[in-house]
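Enquirer: Could you work out the structure for the sequence below:
(4 chains)
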Number of protein chains: 2
Amino acid sequence: MVAKGGKQTLSDDVRARLRADILSGRLLPGYRLKFPELGTRYDASVSVLREALVRLAEQGLVRSEPHQGFVVTPLSREQLWELTEARVELETLVLRRSVVEGDLAWESRLVAAHHTLERTPYTAEGDDQRVDDDWATAHAAFHEALLAGCTNQRLLRMALGLRDEAELYRRWSQPLGDEPGRDLTGEHRALLEAALTRDPDAAAAALCAHVRHTTELLLAAADRLDHDHSEAQE
Amino acid sequence: MVAKGGKQTLSDDVRARLRADILSGRLLPGYRLKFPELGTRYDASVSVLREALVRLAEQGLVRSEPHQGFVVTPLSREQLWELTEARVELETLVLRRSVVEGDLAWESRLVAAHHTLERTPYTAEGDDQRVDDDWATAHAAFHEALLAGCTNQRLLRMALGLRDEAELYRRWSQPLGDEPGRDLTGEHRALLEAALTRDPDAAAAALCAHVRHTTELLLAAADRLDHDHSEAQE
DNA sequence: GCACCTCAAACTTTCGAAAGTTCATTGACT
DNA sequence: AGTCAATGAACTTTCGAAAGTTTGAGGTGC
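Expert: A predicted model of the protein is given here:
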């Protein structure tokens, strides 16, 4: 075996690496994924790449058009809005169940994830513009821990899948400069608090606000960017 | 091109045929899908089959274990229960939105689908035990029309995906003999009525009852089957 | 008789090349 | 000049065979 990650099949390994590259922004939305190029990048043959891409396509991270290959899912305001709406509905639903059904192990894991998140700096040293990779990981872990109490694996998986897609947009927005004076820490504390006191309504409300807020700031940043562009063109 | 269906790529075609064969019960749950056999059945090479199977696996219709190939998703009481729970949550959510957001075209399509369903016989002539294929199609079309008013394509797609999976169980239950004295027609009329009067609460309640009822009867039938088995063994 | 090892058959996974498609560019014709 | 068909380069899709893995059958030692 060529072996690199500890995965079972090469295809799984390549899919994981592709997914990581897309979610971390190393492969940008709209980027055309050509087999010859990917072949050298991941040191794999067409079949393996194809399988990996097909799976990512099914999850919405890449798009495919017959005979025109694969593209990292392009972003658009409409899609972001639709995704946000879907997340608000599904994630609040799953969070409600999680808060009601979660056991002690869930609580403990949640507290741990929150602690890690609070102690991880938002921006890396020396670069105030770009969000730190470790923070992004801790943030994702906290939200996953929040939902993980839901015993229905199907609902949970779907909710996490939507979060993954949303991560695409978050990464894209980072170079735009970040939210002025947003109390992210406070929002996360509110979520933790509501979860630990087992208050589904409060938790759902806090999550809904958190998700919507993020999207609104993101759209505002995108608008600013568009303005700058059109001004630069004139 | 070898051409058979009117699809764009062979893989799409094979995937559609595989999906149809699984959902219609021609390929039974738990059945091991071997490439050599599938190759002759669908007249396609390994790559094509693999791609089709990977996609179906991502949608939950087949399962794959590394180096052990693919299997039509096996059924279990736990899985059926989890799936039903997920459907109740998601489908009612989507139905509520559909009932509120649906336009005139949606209404018309819904009325048409209901009409077709009412005029299609439940069992084929000469065979009272097995549900008619046309009825199954009309039934699926009615439920899809019910949800189709939801403008959020993501939520809609997820709900329909879960319905697909549930179809597996429905088919499996058919040989067990069907629901005694169930008023299916009445349940469907109630759904239509609530949808047309734009009453989200009534619609959600009717759908919830419809879905749960189906699963309960199914589990009861499965229990009967188990009893027969254990008695036969003694 | 029972556990364990070996080995071959039957698969699955991966590869690299052949076949088929799209897209842009060139050249001919109006 | 402008339109449109022909050509070819760069892909995507599909194939069939090579490489690697699992599984169970048959044989050996205790």
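
Enquirer: Tell me the buried residues in the helix ranked longest in chain A?
Expert: Longest helix in chain A, counting residues (DSSP state H): helix A:200-233. Residues of helix A:200-233 classed as buried under the neighbour-count rule (16 or more other C-beta atoms under 10 Å in any protein chain shown) are A:200, A:202-204, A:206-208, A:210-211, A:214-215, A:217-219, A:221-222. To be clear about C-beta, it is placed using only N, CA and C from the backbone, and glycine gets the same treatment.

Enquirer: Before we go further, residue A:30 is sitting in a strand, right?
Expert: No. With DSSP: H, G, I helix; E, B strand; the rest coil as the criterion, residue A:30 is assigned coil and is not in a strand.

Enquirer: Show me where chain A has its strands.
Expert: Counting by DSSP state E, residue ranges of the strands within chain A are A:32-33, A:62-65, A:69-72.

Enquirer: How about residues contacting the first one?
Expert: Yep, that's strand A:32-33 we're talking about. By C-beta atoms under 8 Å, 6 or more residues apart in numbering or on different chains, the residues outside strand A:32-33 that reach it are A:27, A:53, A:62, A:69, A:70, A:71, A:72.

Enquirer: Tell me how far the fourth one lies from residue A:35.
Expert: Distance of residue A:69 to residue A:35, given as C-beta to C-beta, to the nearest Å: 8 Å.

Enquirer: Can you pull the residues of chain A lying near DNA strand C?
Expert: If contacts are counted using C-beta under 7 Å from any atom of the strand, the residues of chain A sitting beside DNA strand C are A:2, A:9-11, A:44-48, A:51, A:66-68.

Enquirer: Leaving out chain neighbours, which residue sits closest to residue A:8?
Expert: Using C-beta to C-beta, 6 or more residues apart in numbering or on different chains and skipping residues adjacent in sequence, the residue nearest residue A:8 is residue B:66, 3.8 Å away.

Enquirer: State the distance from residue A:44 to residue A:67.
Expert: For residue A:44, the distance to residue A:67 (C-beta to C-beta) stands at 22 Å.

Enquirer: Which one's more surrounded, the two?
Expert: The residue with the greater number of neighbours, taking residue A:44 and residue A:67 and applying other C-beta atoms under 10 Å in any protein chain shown, is residue A:44; the counts read 22 against 7.

Enquirer: For the closest residue to that one other than its chain neighbours, list the residues it contacts.
Expert: Setting aside the residues directly before and after it, residue A:44 is nearest to residue A:14 in space (C-beta to C-beta, 6+ apart), at 5.2 Å. When contacts are counted by C-beta under 8 Å, 6+ apart, residue A:14 is found next to A:42, A:44, A:48, A:49, A:52.

Enquirer: For residue A:14, give me the pLDDT.
Expert: As predicted, residue A:14 sits at a pLDDT of 97.

Enquirer: got it, and residue A:24?
Expert: Per-residue pLDDT puts residue A:24 at 89.

Enquirer: what's around it, how many residues?
Expert: Around residue A:24 sit 13 other residues, with neighbours defined as other C-beta under 10 Å.

Enquirer: contacting residues around it?
Expert: Residues counted as contacts of residue A:24 (C-beta under 8 Å, 6+ apart) are A:133, A:136, A:171.

Enquirer: Out of those, the closest to chain B would be?
Expert: Chain B lies nearest to residue A:171 out of the contacts of residue A:24, by C-beta to the nearest C-beta, at 19.5 Å.

Enquirer: how deep is that closest one tucked in, by neighbour count?
Expert: Using other C-beta under 10 Å as the criterion, residue A:171 is surrounded by 19 other residues.

Enquirer: Kindly report the same for residue A:37.
Expert: Taking other C-beta under 10 Å as the criterion, the count of residues near residue A:37 is 11.

Enquirer: next one: residue A:197
Expert: Residues near residue A:197, counting by other C-beta under 10 Å: 10.

Enquirer: Chain A against chain B: which residues are in contact?
Expert: Contact residues, chain A versus chain B (C-beta under 8 Å from any C-beta of the partner chain): A:8-9, A:12, A:47, A:50-51, A:54-55, A:58-59, A:66-67, A:82-83, A:85-86, A:89-90, A:93, A:152-155, A:158, A:162.

Enquirer: picking that back up, count the neighbours of the residue nearest to residue A:8 for me.
Expert: Counted with other C-beta under 10 Å, the burial measure for residue B:66 works out to 10 neighbours.

Enquirer: what's the distance between it and residue A:66?
Expert: Using C-beta to C-beta, we find residue B:66 at a distance of 28 Å from residue A:66.

Enquirer: try residue A:112
Expert: Using C-beta to C-beta, residue A:112 is found at 46 Å from residue A:66.

Enquirer: Could you pull out the helices in chain A for me?
Expert: Read by DSSP H, chain A holds these helices, from start to end of the chain: A:10-23, A:35-42, A:46-59, A:77-101, A:104-119, A:133-147, A:153-173, A:184-196, A:200-233.

Enquirer: Which elements pack onto the last one?
Expert: When you say that, I think you mean helix A:200-233. Using 3 or more C-beta pairs under 8 Å, 6 or more residues apart in numbering or on different chains; DSSP states H and E as the contact definition, the elements that helix A:200-233 packs against are helix A:77-101, helix A:153-173, helix A:184-196.

Enquirer: for the fifth one, same thing?
Expert: Using 3+ C-beta pairs under 8 Å, 6+ apart, the elements in contact with helix A:104-119 are helix A:133-147, helix A:184-196.

Enquirer: and residue A:170, what pLDDT?
Expert: 86.

Enquirer: How confident is the prediction for the one residue sitting closest to the centre of chain A, by pLDDT?
Expert: A centroid search over chain A (C-alpha atoms, centre = their mean) returns residue A:167, at 2.4 Å, as the residue closest to the centre. Per-residue confidence for residue A:167 comes out at a pLDDT of 91.

Enquirer: Name the nearest residue to it, sequence neighbours excluded.
Expert: In space, and not counting its chain neighbours, residue A:167 is closest to residue A:23: 5.0 Å by C-beta to C-beta, 6+ apart.
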